[in-house]
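Participant: Need coordinates for the following:
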Amino acid sequence: MNHDEQVALMRQAFAHIDAGTTDLADAVSFNPVTAYTCPKRLARESALLFRKYPLLMGLSNQIPQPGDHFTDDLSGIPILVVRGKDGRARAFHNVCRHRGARLAEGCGRQKNFVCPYHGWTYGLEGELRGIPDQRNFPGVDKAAYGLAPLPLAERHGMLWVQPSVGPEGLEIDAQGFLGELDAEFASFGLAGYHHYETRQIQRQMNWKLVIDTFLESYHFSVLHRDSVAPLFHPNLCLFKPFGLHLREVLPRRSLESQRGLPESEWDLIPHHTIVYVLFPNTVFVVQVDHVESWRVYPTAGKVDECTMYLDFHVPNPVDSDSARRHWQRNMDLTIRTVCAEDFPASEGMQRGFASGAQTHATYGRNEPALAYFQRTVAQAVGDTTPTGETA
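Facilitator: Numbers count the residues shown, from 1 in each chain. Sure, this is the predicted structure:
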């Protein structure tokens, strides 16, 4: 983020603090509870949002060397992401072309991929290299039986994969997809970060409720009274939409330390948490000393269940016991706050929506990012009952 933008945001934050205000939506808005409970709505989301859009799969640091790879199944498509001998990252269906068996599990580094069923062997660029007892496969051209590729783009240290091949073929215009955020993400130097840990979390709530909890600070002083609330100015956010995506800046109380400094010395990141929603399913958080992402997926056919990956990426290698203890404390605090406070509340909301007690959720003017995200999802899936507003 360039310094002029940082200064503008900090001026905005100081003005809100002094006035006791926050960024506001134009009006109160309403979202039908069917957005969280309707199986047909979920089916449209799964078919469109989790097939037709680029999804953030992780950062480049997760596959730094040739042969490094990881698998991902949460979109409903078995995906293999691997760094080739030529240094390029590629994505494939994690499917052997012989009988459809899975080729790889989890993450690791290897020279090639050998099918555990019959031993068909594939290179790091997806080419079929060997068929055991090939004499019994006359007419099978190895050149035509490479792994089925998927669109992948690597940009600014971020790995984007689209789980289906669209009209653009294997190309993803990551710069165009990010739009105005492209330069902002370039400024964070994510390619130089190091992967610390990924945790998989499953909860009994609609996938969008996970994202909702990051999109307003109205709840901080109540739900997080004894955890993170003392660190932040409650009910204060700076919101800006970026097409499908959005940015929410949450000022910390430490911002007051900057008031006496010349603006040329102002530094936004140590005194704010920056939350991005990278459409459709990723919450990307820039913290004081690390970045984290929450990649959220619905469970197939279940409106009230979701799975997410929490990824922690840190600026320096974790190569000492003290560093490991530091980042373990950070990870544990994040998990404790969100899983012990936010998610139980959201699971209660899901049960409440299913009870029939109300027809819609109400978003206040002080929750502009939340209303924007829900409206964007509704529009993307062609929902006939999108969020409505009242003056």
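
Participant: Next, the distance between the ends of stretch 164-172.
Facilitator: 11 Å (CA to CA, to the nearest Å).

Participant: Please state the offset of that stretch from the chain centre?
Facilitator: The chain centroid and the centroid of stretch 164-172 are separated by 21 Å under CA atoms, centre = their mean, to the nearest Å.

Participant: likewise stretch 140-157?
Facilitator: With CA atoms, centre = their mean, you get 23 Å for stretch 140-157.

Participant: Next up, the contacts around the residue nearest the centre of the chain.
Facilitator: Centroid-nearest residue in the chain: Thr282, 2.0 Å away (criterion: CA atoms, centre = their mean). Each residue near Thr282 by CB atoms under 8 Å, 6 or more residues apart in numbering is listed here: Leu55, Leu56, Ser293, Trp294, Arg295, Val296. Glycine gets a C-beta too; all of them are placed from N, C-alpha and C.

Participant: What is the burial count for the first one?
Facilitator: This points to Leu55. Burial of Leu55 is recorded as 24 neighbouring residues (other CB atoms under 10 Å).

Participant: With the fourth one instead?
Facilitator: Under the neighbour criterion other CB under 10 Å, Trp294 is assigned a count of 22.

Participant: That one and Met308 touch, don't they?
Facilitator: Yes - Trp294 is within contact range of Met308, at 5.5 Å (criterion: CB atoms under 8 Å).

Participant: Common neighbours of the two, please.
Facilitator: Val210.

Participant: For the stretch 1-150 of the chain, which segments are assigned as helices?
Facilitator: Counting by DSSP state H, counting those that start in this stretch, the stretch 1-150 of the chain has these helices, from start to end: 3-19, 34-37, 39-48.

Participant: ok, and what's touching the second one?
Facilitator: Residues outside helix 34-37 that contact it (CB under 8 Å, 6+ apart) are 41, 206, 208-209, 303-304, 349-350, 353-354, 361, 374, 377-378, 383, 385.

Participant: and which of those is nearest Gly84?
Facilitator: Taking CB to CB as the measure, Gly84 lies nearest Val377 of those, at 34.8 Å.

Participant: The closest one falls within a helix, correct?
Facilitator: Yes - checked against DSSP: H, G, I helix; E, B strand; the rest coil, Val377 lies within a helix.

Participant: What residues does it make contact with?
Facilitator: Ala35, Glu45, Leu49, Lys208, Pro280, Asp383.

Participant: pLDDT at it, what is it?
Facilitator: On pLDDT, Val377 comes in at 98.

Participant: that older thread, closest to Leu370 out of the helices of the stretch 1-150 of the chain?
Facilitator: So among the helices of the stretch 1-150 of the chain, helix 34-37 is nearest, using CB to CB, at 12.1 Å.

Participant: gap between the closest one and the chain center?
Facilitator: That offset, for helix 34-37, works out to 21 Å (CA atoms, centre = their mean).

Participant: and what of stretch 337-351?
Facilitator: 19 Å.

Participant: What's the local residue count around the residue lying closest to Glu168 once chain neighbours are set aside?
Facilitator: The shortest distance from Glu168 to any non-neighbouring residue, by CB to CB, 6 or more residues apart in numbering, is to Pro151 (7.3 Å). Pro151: 19 surrounding residues under other CB under 10 Å.
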